[in-house]
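J.: I need the structure of the sequence given here:
(one chain, ligands or ions: 1)
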Amino acid sequence: MIRIQPSGAACGASLYGVDLSQPLDADTVAQIRVAWLAYSVVAFPDQAMSIEDLERFTLAIGPRGEDPFIAPIPGHAHVVEIKREPDEQAPLFAEGWHSDWSFLPTPPAGTALYGSIIPPVGGDTLFANQYAAWDALPTAMKSHLQNAMGIHSARRGYAPNGTYGEKDRARGRSMAIRYSDTAMKTRLHPIARVHPETGRTALFVSPGYTIGIEGMPDDEATDVLNELYAHQAREAFVYRHVWQAGMLLLWDNRCLVHRATGGYEGHRRLLHRITISERAPVASAQLTH
Ligand code: SIN
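T.: Presented below is the predicted three-dimensional model:
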């Protein structure tokens, strides 16, 4: 039986009593999915996982996601390294709030991140609960946004003139980022997004990937989005995740935004990441404990 220890913050829990280096039975996977849907981000401390274990575990949670703009590690087409060297000068990767790859037609449902080398200080990951953010919006704002579509794009990060574009290459970033003109594409997603498994509404915008609101003049959309960005990251919605080596983290991109933090200059940080796609609907989404 898995033991769940909630973080006490707006989201997040640690899960004990499961060995992710071994294949999991259906009941264990169901318990993990229940906890994941309930707490939105779940940590599994003290796991000694190989890349193959990470691949097997994530496939049990859902199908493989699509990962543009970061080259996978050799021999593992869906595994990328989130990496920073001790002397690296490039801006921190993923320091702005975002939901992973929300500019895709079907953004990943989840992300799994395994801490391979964790610095002794800093490098926490922050998560903000976007169910709570939506629920706490003023009624007038909710009515305004109820049927609005956010315009998502990877351009700020991954276009040739983006944060990780041509100039970044010269700064010697250690991560295998592959910027591209395809980052200019846009994709619409509801701002009030109904989670397909929990049925709850979450605020689905982020300064990382949302560049406008469909049908709204740019200056008005910028004002609305800036208000939403300030709101969605309020302290009350945030869980600060502190890493340990050998810890696996599994989060739900449909109801969270997250961001990396620094503070570990002079230390190496290396994590392995796999994104998880939506799975076909399952009868009784097992939302109760
Ligand atoms: C990510 O956004 O996938 C990376 C988060 C982190 O490095 O803490």
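
J.: So what touches the least confident helix or strand in the chain by mean pLDDT?
T.: In the chain, no helix or strand scores lower on mean pLDDT, DSSP states H and E than helix 166-170, which sits at a mean of 89. Under the criterion Cβ atoms under 8 Å, 6 or more residues apart in numbering, residues 90-91, 160-161, 177, 179 lie in contact with helix 166-170. Where you see a C-beta, it was placed from the backbone N, CA and C, and this is true even at glycine.

J.: Might you enumerate the residues of the stretch 1-150 of the chain proximal to the ligand?
T.: 82, 94, 125 (Cβ under 6 Å from any ligand atom).

J.: Derive a ChimeraX selection command for the buried subset of the residues you listed.
T.: To isolate the buried ones among those in ChimeraX, judged by 16 or more other Cβ atoms under 10 Å, type:
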select :82,94,125
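
J.: Which ones among the residues of the stretch 1-150 of the chain next to the ligand map onto strands?
T.: Using DSSP state E, the subset of those located in strands is 82, 125.

J.: contacts for stretch 79-96?
T.: For stretch 79-96, the surrounding residues in contact (Cβ under 8 Å, 6+ apart) are 51, 54-55, 67, 70-73, 113, 163-164, 168, 171-176, 206-208, 258-262, 264-274.

J.: Output the residue of the stretch 101-250 of the chain whose distance to the ligand is smallest.
T.: Going by Cβ to the nearest ligand atom, the ligand is nearest to residue 125 of the stretch 101-250 of the chain, at 3.6 Å.

J.: Surely that residue is in contact with residue 259?
T.: Yes. Assessed by Cβ atoms under 8 Å, residue 125 is found in contact with residue 259 at 7.3 Å.

J.: show me where pLDDT drops low in the protein?
T.: Within the chain, the segments meeting pLDDT under 70 span 280-289.

J.: in it, which spans are helices?
T.: Remark: helices assigned in the chain by DSSP state H are 26-39, 51-61, 130-135, 139-145, 155-158, 166-170, 218-232.

J.: Save those as TSV, and put in distance to residue 249 and mean neighbour count too.
T.: Converted to TSV, the helices of the chain look like this (distance: least, Cβ to Cβ, whole Å; neighbours: other Cβ atoms under 10 Å):
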stretch	distance to residue 249	mean neighbour count
helix 26-39	11	18
helix 51-61	11	18
helix 130-135	17	22
helix 139-145	30	13
helix 155-158	21	22
helix 166-170	26	13
helix 218-232	20	15
